[in-house]
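In: Return atomic coordinates for the entry below.
(chains A, B, C and D)
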2 protein chains.
Amino acid sequence: MQIRNMSVEPNFPMPIATVDTALLTLSGGALAVGLIERNRAPFIGMAALPGGYVHVPDDNSLEAAAARILREKAGLECRYLEQLGTFSGAARDPRGWSLTVAYFALVPEADLLAANSALTLQPVASLPPLAFDHASIVDAAVARLRGKSSYSALPAFLLPALFTLAELHAVYQQVLGTRLDLASFRRKIIDQEIVEPAESRKTGAHRPAGLFRLRAGQALPFQHRI
Amino acid sequence: MQIRNMSVEPNFPMPIATVDTALLTLSGGALAVGLIERNRAPFIGMAALPGGYVHVPDDNSLEAAAARILREKAGLECRYLEQLGTFSGAARDPRGWSLTVAYFALVPEADLLAANSALTLQPVASLPPLAFDHASIVDAAVARLRGKSSYSALPAFLLPALFTLAELHAVYQQVLGTRLDLASFRRKIIDQEIVEPAESRKTGAHRPAGLFRLRAGQALPFQHRI
DNA sequence: ATAATAGTGTCTCTCAGACACTATCGA
DNA sequence: TCGATAGTGTCTGAGAGACACTATTAT
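Out: Numbers count the residues shown, from 1 in each chain, chains lettered A, B, ... in the order given. Down below sits the predicted model:
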C-alpha cells in the first residue's frame, strides 16, 4: 500500500497526525501515568505515552482512535476520556513537523491491574525522561485534572463504580493536594446530587459506610468550588 | 511540488490537518463571529470560518498558523487566541477523513472595523448554514467563552485596551446573558486585582469615569465565580 | 442648582471551614 | 461495653446580591 492523502489539494508538505493518551490513576496515594517503552525509532527504548496513528478506515473520530489504542495497549475501556489539546511543532519529532492530539483518561487502579496491561505506572511527581514532548502532555493532563477537580466530579473516575464518601473525600484530597473538611465535603457532594446512594453498604471492622455511585452524566461542574 | 509526508513510516491513508479560527467580537451588543465566503470546493460560496493549511516551513506551531491566517484574512493581530479543540471524522469533509485544530480568538469590534478585513460579522444567535462542521466549532467557542467568563477576565479582550468599569460590566452581562449587580462587580474586579487603574479618565457629558486596563497576564481565573 | 453618571456603605443570605457532637457497627 | 469509624448540628467568617446612599462632573 502506498502513501496516500485523502485530498488531492495541498501540494506541499503536511504534518503527520497522531493520537496520544495520558492515562492517569491513583497508585499508592499518588497520581501516576501509564507509560510504554517505545520499540522503534525515534526515541527507541524510551518511555512514552500510549499512542499511534489514526486508522482512517476504522476510527470514526480521534476519540475513537484514542479509545482503540487504549484497548490495544492497556486492554481496558476507560469510563472517562477527554480531549486535552493538540501539541505541534517542528521540533517535537526529529523526523519533522508533527502534530499529536492528546487525550487524558482516568481509570481506577484496580481496573488497570485487572487488565494485564502493557503499561507501567510511574508517579507523575518523578517521571523518567519521556519521548517527544510527552512530559508536557503529562503536565497538561495533571493540570487539567487538578483544575477541574475543584469544581467537578472528575476524581470519582479514579475510584471503582461504588465507593464510600470517605474514599471519595480521600481521592479529592490526593488529587488536589489539600486538606478538605470532611463534613462540608459530604454535604456538598450529597446536596448537589453529584452522587446517589447504592443499595449495599461497605462492611469492615466497624460501622459500615454507605456506598454511593456517580449520578448519570455527572462529570458536570458543581455550583460552587470545593 | 509533489505530495510528500514528513515521515516515511505510515503506509496507509492519513487524515489531512487544517486550522480554523472562530473570531468572536461584540457587535451591536451581541456576540458575533467573523466569517468568510469559501471561494473553492467543497462548500464553494458558503460561509466558513477563516482557516487553512499549516505551512510547515513557516509556521512554528499550530497557534502560529492560526495567527498567520488571521493576519492574512482579517488583517489583525488578536490579543487573545486560545486553542479550542480538534474536530475530526470521516463525515465532516466530503473529500474524506479530516481533522481541524480549532482556535478561538477575541477582538474588540473597533479593531476589526479598523483593519479592512475580508471577514463579515454574523451574530452567533442567527448564523447562516456554515461549511464543514464550522457551526459546531462556533458553538464550542461560544460555550468556552461563556463558561470561562464566569471566573476569568476573558470578556475584557472584547474591549479596547483602556475601558471603564461600567463598560466592562456591560460586556460581562452581554457575554453571560445575565444581570450582574454593578456594585458587587466593581468590588470583585478591583479587590481581586484583575484590572489596574490607568492614568486618565474617560470624559463624557457628565461625571467622568476612571479608565482601567487589564493587569499583565490576567486572563487568569478569579478566586470565586462572578 | 440640576441632571446624570460614577462610585460606596451596609444589610442579608448562602455556603464552606471548624469542630464538637451523636450514631452504629464489630469484637 | 468499648473502640472505631460513620455521619450530623451548629457556629462563624467570607463573599455576592440588593439597594439606598454619597460624589463628581457638565450644563
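
In: By mean pLDDT, flag the weakest helix or strand of chain A.
Out: In chain A, the helix or strand scored least confidently by mean pLDDT, DSSP states H and E is strand A:195-202, which has a mean of 88.

In: residues in contact with the closest residue to A:Thr164 other than its chain neighbours?
Out: What sits nearest to A:Thr164 in space, not counting adjacent residues and going by C-beta to C-beta, 6 or more residues apart in numbering or on different chains, is A:Ala209, at 3.9 Å. The C-beta positions use only the backbone N, C-alpha and C, and glycine is treated the same way. Contacts for A:Ala209 (C-beta atoms under 8 Å, 6 or more residues apart in numbering or on different chains) come out as A:164-166, A:201-202.

In: and the least confident helix or strand of chain A, which residues are buried?
Out: A:Val195 (16 or more other C-beta atoms under 10 Å in any protein chain shown).

In: State the next helix or strand along the chain beyond the helix or strand hosting A:Ala66.
Out: Here A:Ala66 sits within helix A:62-74, counting by DSSP states H and E. Next in sequence after helix A:62-74, counting helices and strands by DSSP H and E, comes strand A:80-89.

In: Could you list the paired strands of that next one along with their orientation?
Out: Note on strand A:80-89: by DSSP bridges, its sheet partners are strand A:98-106 (antiparallel).

In: can you give me the offset of the partner strand from its chain's centre?
Out: From the chain centre to the centre of strand A:98-106 is a distance of 10 Å (C-alpha atoms, centre = their mean, to the nearest Å).

In: Just the mean pLDDT for the helix or strand following that strand, thanks.
Out: Later in the chain than strand A:98-106, the nearest helix or strand by DSSP H and E is helix A:109-114. Averaged across helix A:109-114, pLDDT comes to 94.

In: circling back to that earlier point, among the contacts of A:Ala209, which one sits closest to DNA strand C?
Out: Taking C-beta to the nearest atom of the strand as the measure, DNA strand C lies nearest A:Arg201 of those, at 7.5 Å.

In: Skipping adjacent residues, who's closest to that closest one in space?
Out: Looking at A:Arg201 with C-beta to C-beta, 6+ apart, the closest residue is A:Pro208, at 4.2 Å.

In: so which of the contacts of A:Ala209 also contact DNA strand D?
Out: Contacts with DNA strand D within the contacts of A:Ala209, as defined by C-beta under 7 Å from any atom of the strand: A:164-166.

In: Next step: these restricted to helices.
Out: Counting by DSSP state H, the part of those found in helices is A:165-166.

In: and which of the ones next to DNA strand D among the contacts of A:Ala209 is nearest to DNA strand D?
Out: A:Ala166 (4.1 Å).

In: Next up, the contacts around that closest one.
Out: The contact partners of A:Ala166, taken as C-beta under 8 Å, 6+ apart, are A:182, A:209.

In: any idea how far A:Ala30 is from it?
Out: 19 Å (C-beta to C-beta, to the nearest Å).

In: now do A:Lys202
Out: 23 Å.

In: Quick check: next helix or strand after the longest strand seen in chain A?
Out: If you go by DSSP state E, chain A has its longest strand at strand A:16-27. Using DSSP H and E, the helix or strand that follows strand A:16-27 in sequence is strand A:30-37.

In: Give me the buried positions along that following strand.
Out: Neighbour count says strand A:30-37 has A:31-36 buried, by 16+ other C-beta under 10 Å.

In: need these in a markdown table with pLDDT and distance to A:Ala135, can you?
Out: Putting the buried residues of strand A:30-37 into a markdown table (pLDDT from 0 to 100; distance: C-beta to C-beta, whole Å) gives the following:
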| residue | pLDDT | distance to A:Ala135 |
| --- | --- | --- |
| A:Leu31 | 97 | 14 |
| A:Ala32 | 98 | 14 |
| A:Val33 | 98 | 10 |
| A:Gly34 | 98 | 14 |
| A:Leu35 | 98 | 11 |
| A:Ile36 | 97 | 15 |
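
In: what's the closest of the residues you listed to DNA strand D?
Out: A:Leu31 (22.7 Å).

In: Confirm for me that that closest one is in contact with A:Val175.
Out: Yes: taking contacts as C-beta atoms under 8 Å, A:Leu31 lies within contact range of A:Val175: 6.8 Å.
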